[in-house]
Structures are given as C-alpha cells and as structure tokens.
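>>> Just need the structure, nothing else, for what follows:
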Amino acid sequence: MKLFSLLVLVLSFSAVHAEIYKWVDSEGNVHYGDQPDTAAARPMKNLPGLSTYAPPVVPEQEEPLSREGADVTTAPGRPAPTEGGVQEYRSISIVSPEEGGTVRSSPGTVQLFIALAPVLRQGDYLKVILDGKSLKEKYRGTVISLQNIDRGEHKVAVAVYNKKGRKLLQSDTRSFFLHRTIAKPRRSPR
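Alright, predicted model coming up:
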C-alpha cells in the first residue's frame, strides 16, 4: 500500500509540473504539445483560462398551491384552476436561443429550451412554429432538438396542445440566426 501511495504521489507531482510547448511547422501550422517536436518549440508561460458556458437564467415561476376546499385566488391575467382541480397552463416561453441570438451548428441543429408552467400534463404535447409554419412533430418534453435547419434568420414559437389537439397556449415569437460553418477547400498556391 505504501508503494502504491508513493507511486501516485510521484505521478501527480510530475503531472503538476508538465510544460506545454508551442511550435509552428514548415507549412505554417501551429502545434501544441507536452513534448517539444522541434528545436523551435518554446514553452508557453501564460496559458489561457478554461472555456466555460453559463446557461441562460430561467425565471422563477410562482405556482399557487390549491388544497381541497381552500379559496384559490389568482393574480390578474392568470387563469384559475378549471373544474376538477386541473390548472390551465399559465405561461410558456422560449428560454434559449436568446432573442436575436446566433446559434452555431454545422449540421443545422437548434436546441430549444422551453419554460412551461405548470409542467406538461400527461397526454398534452408541444408543437413548434418555425418561420410561420407549424411543424408536424409533437414533442412531449421541454427540450426540443430541431434538425437540419437552413442557415440564416428564423422566427420560432412554441404552442402547447391538449390530447384532443386543441391549442391551449402559445409563446411569443423569437428571432434567432443560424450560422452553419461550411468547410472550404484550401486553394493551392500558384
């Protein structure tokens, strides 16, 4: 056990002091590595920080609790529970992509994150309205992945439907831009 502990300690010490080297090859390509490949390789002193992503903040939804026999009051503009104690949907909004934001996806995939209050009931579903046209797919979750979307500006909204196909509530329309990277072949020098 002592030998194993010593080995772990030695290996972790060597990993902490590893250097990163940077060099440019004869074709002008920049390389990075933990072992110098050429004599021109130089140790990097200041490495950039880690890349991180912070998801957009989802606004908190107030959800009134109703008890059997309790007097339920609702804020103006919010529907009261319907007969049978089932509460109507109060709000639906697109959290991501942001209004006017740019989505970068070479295959044309766009992830929609939906805030819905209360949560989607069994049998109900969401439909996406993309550029004014309702898509045929029915979604049963609040994270929706759209595939093979053309590049450019798009307008998107989401609506919730009940199991009978009646539209219950629709979000505001949101604009976003899709940037699809296209690889261009390198031109050979003349």
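>>> Quick one: neighbours of the residue lying closest to residue 181 once chain neighbours are set aside, just the number.
Among residues not flanking residue 181 along the chain, residue 106 sits closest, at 4.7 Å (CB to CB, 6 or more residues apart in numbering). Where C-beta positions appear, they are placed from N, C-alpha and C, glycine not excepted. By the measure other CB atoms under 10 Å, the count of residues near residue 106 is 11.
>>> Same question for the one 4 residues further on.
Neighbourhood size, residue 110 [other CB under 10 Å]: 20.
>>> repeat for residue 136
That count, for residue 136 with other CB under 10 Å as the rule, works out to 7.
>>> before we move on, the earlier item: residues contacting the residue nearest to residue 181?
Going by CB atoms under 8 Å, 6 or more residues apart in numbering, residue 106 touches 180-182.
>>> quick check, it in a helix?
No. Assigned with DSSP: H, G, I helix; E, B strand; the rest coil, residue 106 falls outside any helix and is coil.
>>> And it, what's its pLDDT?
pLDDT for residue 106: 86.
>>> tell me which residues of the strand or helix carrying residue 159 are tucked away?
Taking DSSP states H and E as the criterion, residue 159 maps to strand 152-161. By 16 or more other CB atoms under 10 Å, the buried positions in strand 152-161 come out as 154, 156-161.
>>> cool, and stretch 21-30?
In stretch 21-30, counting by 16+ other CB under 10 Å, buried: 21, 23.
>>> Quick one: end-to-end length of that stretch, please.
11 Å (CA to CA, to the nearest Å).
>>> for stretch 20-39, same thing?
End-to-end distance (CA to CA), stretch 20-39: 14 Å.
>>> cool, and stretch 90-101?
Stretch 90-101: ends 26 Å apart by CA to CA.
>>> if we can go back for a sec, out of the buried residues of strand 152-161, who's nearest residue 41?
residue 154 (45.7 Å; CB to CB).
>>> That closest one and residue 173 touch, don't they?
No. Residue 154 is beyond contact range of residue 173, at 10.1 Å (criterion: CB atoms under 8 Å).
>>> Tell me where this protein has helices.
Here the chain has its helices, by DSSP state H, at 2-16.
>>> Flag the shaky bits of it, pLDDT-wise.
1-18, 47-53, 58-87, 183-190 (pLDDT under 70).
>>> Report the contact partners of residue 179.
By CB under 8 Å, 6+ apart, residue 179 lies in contact with 102-105, 151.
>>> Just the buried ones from the residues you listed?
Applying 16+ other CB under 10 Å to the contacts of residue 179 flags 103, 105 as buried.
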